[in-house]
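Predicted coordinates and the sequence they were generated for:
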Amino acid sequence: MTRFVFGDIHGQFDGLMKLIDFIKYSPNDKLYFLGDLIDRGERSADVVNWVMSNNHICLKGNHEQMCLDAFGCSEESLIWKGWILNGGSKTLESYGAANLPEAHLEWMQQLPLYMDLGDVWLVHAGLNPNLPLELQGAAEFCWIREEFHSATEPFFEDKIIITGHTITFVFPGVKPGNLVLGKGWLDIDTGGYHPKSGWLSALDIDTATVYQCNTFTHELRVNSLSDITTVIEPMPTRSQRLEIGKTNAQKRRWSWV
């Protein structure tokens, strides 16, 4: 049995199927999806149907959460309009209807927020390094960015956190398609829908091998994790950046005295 973890798919069904063939998937393998199966891409319905029908494990991402929140509101609400503007319109088009099947919405609703595999800990976005695990929920696990990426110490001593959610090329100095390693975490969302990247990634966590398919060029490639991962230092939060800016401004002011 091989364990594969997939970054955000975002409706890229054709690329996903190429990637599944490329990893030489067998029914004995375990596939884990980090959430955000839907939105932005053209074939969200096919992605959800394939993951559901094959009983693969999927975590809840912020786009699944946005979709669920939207269907709990009217189409005139800001929540509905926010989901539509953030890729929900593509999801509706893929279903060819104004609604998603009830079975698909129920499946999204019951998706776990994280999964502990013993040696690795899977979550869509990350967690808050300043809060105990039991005090955290969907706001952290589906949405967090800055607080998580600014952590100066690993959250777990005995396992690494694997996430999606934040496209890796937004980190300073990271090439499109590269993975990112921080303090106790590894981000594998390489932006499969984004024209700047197009790479979908699947990580074999037992051999530390990364398989990738480019959704635009159809290129396939395989690399060792170490060869395609950029190690970064903790990123300052917005409040920390503002404080640094104030300090630098003060230094400039005093330099004229």
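Noted; the coordinates are in hand.

what's the pLDDT at the residue most central in space within the chain?
By CA atoms, centre = their mean, the chain has its centre lying nearest to residue 164, at 2.1 Å. For residue 164, the model assigns a pLDDT of 98.

before we move on, what about the one 10 residues further on?
According to the per-residue confidence, residue 174 scores 97 in pLDDT.

Where does residue 94 sit: helix, strand or coil?
helix (DSSP: H, G, I helix; E, B strand; the rest coil).

Let me know the distance separating the spatially closest residue to it that is not a sequence neighbour from residue 211.
Nearest non-adjacent residue to residue 94, counting by CB to CB, 6 or more residues apart in numbering: residue 45, 4.1 Å away. C-beta here means a position set from N, CA and C on the backbone, and glycine is covered the same way. Relative to residue 211, residue 45 is positioned 24 Å away (criterion: CB to CB, to the nearest Å).

Low-confidence stretches in this protein?
238-257 (pLDDT under 70).

ranges for the helices of it?
13-22, 44-53, 62-70, 78-83, 89-95, 102-109, 138-141, 146-149, 238-254 (DSSP state H).

Adding mean neighbour count and distance to residue 156, write the ones you listed out as CSV.
Output for these, formatted as CSV (neighbours: other CB atoms under 10 Å; distance: least, CB to CB, whole Å):
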stretch, mean neighbour count, distance to residue 156
helix 13-22, 19, 28
helix 44-53, 20, 27
helix 62-70, 22, 22
helix 78-83, 16, 32
helix 89-95, 19, 34
helix 102-109, 15, 27
helix 138-141, 18, 14
helix 146-149, 21, 13
helix 238-254, 10, 23
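
Same list (those) but as JSON lines, adding distance to residue 128.
Converted to JSON lines, these look like this (distance: least, CB to CB, whole Å):
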{"stretch": "helix 13-22", "distance to residue 128": "30"}
{"stretch": "helix 44-53", "distance to residue 128": "28"}
{"stretch": "helix 62-70", "distance to residue 128": "15"}
{"stretch": "helix 78-83", "distance to residue 128": "23"}
{"stretch": "helix 89-95", "distance to residue 128": "29"}
{"stretch": "helix 102-109", "distance to residue 128": "23"}
{"stretch": "helix 138-141", "distance to residue 128": "5"}
{"stretch": "helix 146-149", "distance to residue 128": "5"}
{"stretch": "helix 238-254", "distance to residue 128": "14"}
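
gap between the closest residue to residue 214 other than its chain neighbours and residue 7?
In this structure, residue 214 finds its nearest non-sequential neighbour in residue 198, 4.5 Å apart by CB to CB, 6+ apart. According to CB to CB, residue 198 stands 12 Å off from residue 7.

one step back: which ones are touching the residue nearest to residue 94?
Neighbour list for residue 45: 91, 94, 95, 96, 104 [criterion: CB atoms under 8 Å, 6 or more residues apart in numbering].

go on, residue 113?
Residue 113 neighbours (CB under 8 Å, 6+ apart): 59, 60, 123, 124, 137, 138, 141, 142.

between residue 198 and residue 7, who's got more neighbours?
residue 7 (29 against 22; other CB atoms under 10 Å).

Spit out the contact partners of the more buried one.
Residue 7 sits in contact with 34, 164, 188, 189, 190, 192, 200, 201, 202, where contact means CB under 8 Å, 6+ apart.

what about 6 Å?
By CB atoms under 6 Å, 6 or more residues apart in numbering, the residues touching residue 7 are 164, 188, 189, 190, 201.

By neighbour count, which of those residues wins?
residue 189 (31 neighbours).

From residue 220, how far off is residue 24?
Applying CB to CB to residue 24 and residue 220 gives a distance of 12 Å.

Counting neighbours around each, name which of the two comes out higher.
Just comparing residue 24 and residue 220: by other CB under 10 Å the higher neighbour count belongs to residue 220, 14 against 9.

now the strands for this protein?
3-6, 30-33, 57-58, 114-116, 120-123, 160-163, 179-181, 185-187, 199-204, 209-214, 220-224, 229-231 (DSSP state E).
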